[in-house]
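Fold the following for me, if possible:
(2 chains)
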Number of protein chains: 2
Amino acid sequence: MSRTTDSERVRARYWIETAYATADAAAVMAGEQSSGTFVALPGETPELLERAAARVEWIEALEPVNAPSLPGAGRPSADTSVWNRAIVELSWPLENIGTSLPNLLATVAGNLFELKQFSGLKLVDLDVPKAFCERYPGPAYGVAGTRRLTGVEGRPLIGTIVKPSVGLTPAATAALVRELADAGLDFIKDDELQANGPSCPLEERVAAVMRVLNAHAERSGKMVMYAFNITGDIDEMLRGHDLVLKAGGNCVMVSLNSVGLAGFSALRRHAQLPIHAHRNGWGYLNRSPALGFDYVAWQKFWRLAGADHMHVNGLRNKFCESDDSVIRSARACLTPMYPPPTPGCQVMPVFASGQTAAQAADTYRALGSVDLIYACGGGVMGHPDGIGAGVESLRLAWEAAVRGVSLDEHAGRHAVLRRALQRFAG
Amino acid sequence: MSRTTDSERVRARYWIETAYATADAAAVMAGEQSSGTFVALPGETPELLERAAARVEWIEALEPVNAPSLPGAGRPSADTSVWNRAIVELSWPLENIGTSLPNLLATVAGNLFELKQFSGLKLVDLDVPKAFCERYPGPAYGVAGTRRLTGVEGRPLIGTIVKPSVGLTPAATAALVRELADAGLDFIKDDELQANGPSCPLEERVAAVMRVLNAHAERSGKMVMYAFNITGDIDEMLRGHDLVLKAGGNCVMVSLNSVGLAGFSALRRHAQLPIHAHRNGWGYLNRSPALGFDYVAWQKFWRLAGADHMHVNGLRNKFCESDDSVIRSARACLTPMYPPPTPGCQVMPVFASGQTAAQAADTYRALGSVDLIYACGGGVMGHPDGIGAGVESLRLAWEAAVRGVSLDEHAGRHAVLRRALQRFAG
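Have a look, this model is predicted:
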């Protein structure tokens, strides 16, 4: 068992919990996800097994526990009182799978979560041969392309979400967008609940919003990036993308879990615009500590498939995720998947959920980068002096962060930041 | 709060666990998944909220518990010691969403799993207006179409999976399929790990297997149903489907979680063959009792989209799922989603995982139907007298079940069944 890399194998690392010996349990995983079944079968020769079998590469023991995390698992005997935990790496020959992301997913994250041997199993990381990067396009824009389109350098894109999420007509949306553009936002997005319903059809929303944004660009010289939510069936998404493109728009958004890998890939291959990737539903994939996916593993599928921006939640968010987890996700988005000259498929992390001027400094300190979209709802629109003041407070908060000036000191010099902190901090 | 139905609203039921008053927590869910954010915003008028808001329809309290199921949730105070549990129904106006399955998923199963109010949240059931059934085709074959294609009546289709899952060449696969067809199987499927990798390319596998199956049909008059795993990107799946169709094949298979709703829908709209829907990865969506989806809710998306067969695990399976859960899933597949004349979108449940002659009677007793595919790996191929005896033992076991003859009595008259039970039971 070695940690040397073998570029022709897919490698996946799992956090596991099992009442059995970890080596035995890991062998069951490897069998289930390659050539195994519960009796030895006529077609199984040693050569075949050697060629096609998944391998257990290494196992790193963690502290055991005295109770199973998930119900339903087996145990060696009724008086088992220790559940082992470990990180285990499995690998597969690329020949089993080919360079297909949907089939990669079935291989590294298929039936194994249900195996009786495990009272916990989470896919924590993944390395795939660069052949995947030859077949899949990766992000067309990513960080550099997004900056080029928006003209924003040296700081995050300051963004917001059209709220209320649903209920606004296209005309009401456009009226709000006019205010938001005038307030100086770099980036605006539809809510994930607003796609193409009868109350606010995409075609009319695109027409109304782009009229406003094109006029704003003419006046101000600044084209706001607007991510239209085109989530839907394939034909609907492609039509939606073309509508946005034709109207002069510069971004489309999709809900990844709603669309799936095959649908997302089809959109990416057709798209000429950056794709803003929303992760709603992420909770069901991750919120159990003992089940599902770590974001570090999950985001790699979508980066290879071609997402340009990916949501990572935000510090002190309104959801359950810890700040450490948020930062780990964002760092993963900015970490190259391959060394040059293979594309690294970096994407721009999107910080959102309860974000205001109060979290900027901590976000910068923890991430060490300004390559992100900082999307605030109430943090922009809830500023006591209006939306423009909200945007300004966010710019100032990031300015302080980047310059290493304390937030209090900067707030002492800028009333608009001070007022934001009085409203949002603590 | 009433339980009357309103055909123009989407209705979803959730199991929730919260340290807060359930009514308050449910109101947060409804707000998050419609028009809410953390501060009141300028565009929010009472009329808009009334029109677009999700409603809490009813709440049914369950027994509370003394510890949270999932970490990360908030609580009213540090000495909170009771976590409330309830079933809650939310509803949404169809105008918010439109008849789009991907956007339905973002609405009923989006951000809400991460809300700080909840230490547990599971989508347990769902009712959607029949307008969805007008936009989406539902299953083209389902139970009746599958029986028509295979000529099997009055009993389950007896099926098997090509094993080893991966490692066989197209020629080796075809050689095994010849044995399986000769043994009298009604249904054979690729493993979910075998799609279109370099070791066993789909095109060659289809050609080799269909040569065998077409010849077998000519000899015997019986065309075995073979579900070729065409999981992949859209273009790859459509090409795969056409390959199978052209070669005289009669079924394709996809991994639902690998492909996603948009990709699956595109395949369905193109397809002329039944679609066998594999649920691998289901564990990450369901295995935590406090998170994710109940199968009863989840399968409805895929039935509307047009799956014909859906996997439900099996009794006394090799995974963690209880028998009750398996039967509930299978019953759901056979329960119409709408009263006539709207199509019910029933699909054929697929029992698999450690299935043998030993579970037939219990399966029939619990399900009360023979409308299923009974897929056995070792239960067919591991019979001590060979594959033909394995198939025969399964037919006999189901014959006993349907006639109400005890398994032991039937085994007393049929050595092949007796030998199967000696090998597999207990």
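
how does chain A divide up, domain by domain?
Domains of chain A are assigned by automatic domain parsing as A:9-135, A:142-424.

Name the stretch among those domains that sits most buried.
Sort those by mean neighbour count, taking mean count of other Cβ atoms under 10 Å in any protein chain shown, and domain A:142-424 sits at the top with a mean of 21. No exception for glycine: its C-beta is placed from N, CA and C like everyone else's.

Return the helix or strand in chain A with minimum mean pLDDT.
When each helix and strand of chain A is scored by mean pLDDT, DSSP states H and E, helix A:46-52 comes last, with a mean of 75.

After that one, which helix or strand is next?
Sequence order places strand A:55-65 as the next helix or strand after helix A:46-52, per DSSP states H and E.

Does the helix or strand following that following strand pack against any helices or strands, and if so which?
As assigned by DSSP H and E, the chain's next helix or strand after strand A:55-65 is strand A:83-93. Packed against strand A:83-93 by the contact rule (3 or more Cβ pairs under 8 Å, 6 or more residues apart in numbering or on different chains; DSSP states H and E) you find strand A:9-18, helix A:22-32, strand A:55-65, helix A:101-108, strand A:118-127.

of the ones you listed, which approaches B:Leu417 most closely?
Closest to B:Leu417 of these is helix A:22-32 (Cβ to Cβ; 28.9 Å).

Point out where chain A drops to low pLDDT.
Residue ranges of chain A with pLDDT under 70: A:1-7, A:36-45, A:48, A:426.

Kindly format the C-alpha coordinates of the helix or strand where A:Gly388 lies as CSV.
Using DSSP H and E, A:Gly388 sits in helix A:387-403. Output in CSV follows, covering the C-alpha atoms of helix A:387-403 (Å, rounded to 0.1, in the frame of the first residue of the first chain):
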residue,chain,number,x,y,z
ILE,A,387,-28.8,50.2,-1.4
GLY,A,388,-26.0,52.4,-2.6
ALA,A,389,-24.7,52.8,0.9
GLY,A,390,-25.0,49.0,1.3
VAL,A,391,-22.7,48.4,-1.7
GLU,A,392,-20.3,51.1,-0.6
SER,A,393,-20.1,49.6,2.8
LEU,A,394,-19.1,46.3,1.3
ARG,A,395,-16.4,47.8,-0.9
LEU,A,396,-15.0,49.7,2.1
ALA,A,397,-15.1,46.5,4.3
TRP,A,398,-13.1,44.7,1.6
GLU,A,399,-10.7,47.6,1.1
ALA,A,400,-10.0,47.6,4.8
ALA,A,401,-9.5,43.8,4.7
VAL,A,402,-7.1,43.9,1.8
ARG,A,403,-5.1,46.9,3.1
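
For the stretch 251-400 of chain A, which segments count as strands?
Using DSSP state E, counting those that start in this stretch, the strands of the stretch 251-400 of chain A run over residues A:252-255, A:275-278, A:291-293, A:309-311, A:348-351, A:373-375.

Distance to chain B added to the ones you listed, as a markdown table?
Formatted as a markdown table, the strands of the stretch 251-400 of chain A follow (distance: least, Cβ to the nearest Cβ, whole Å):
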| stretch | distance to chain B |
| --- | --- |
| strand A:252-255 | 5 |
| strand A:275-278 | 8 |
| strand A:291-293 | 4 |
| strand A:309-311 | 10 |
| strand A:348-351 | 14 |
| strand A:373-375 | 12 |
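
Following the helix holding A:Gly388 in sequence, what is the next regular element?
Per DSSP H and E, the first helix or strand lying C-terminal to helix A:387-403 is helix A:407-413.
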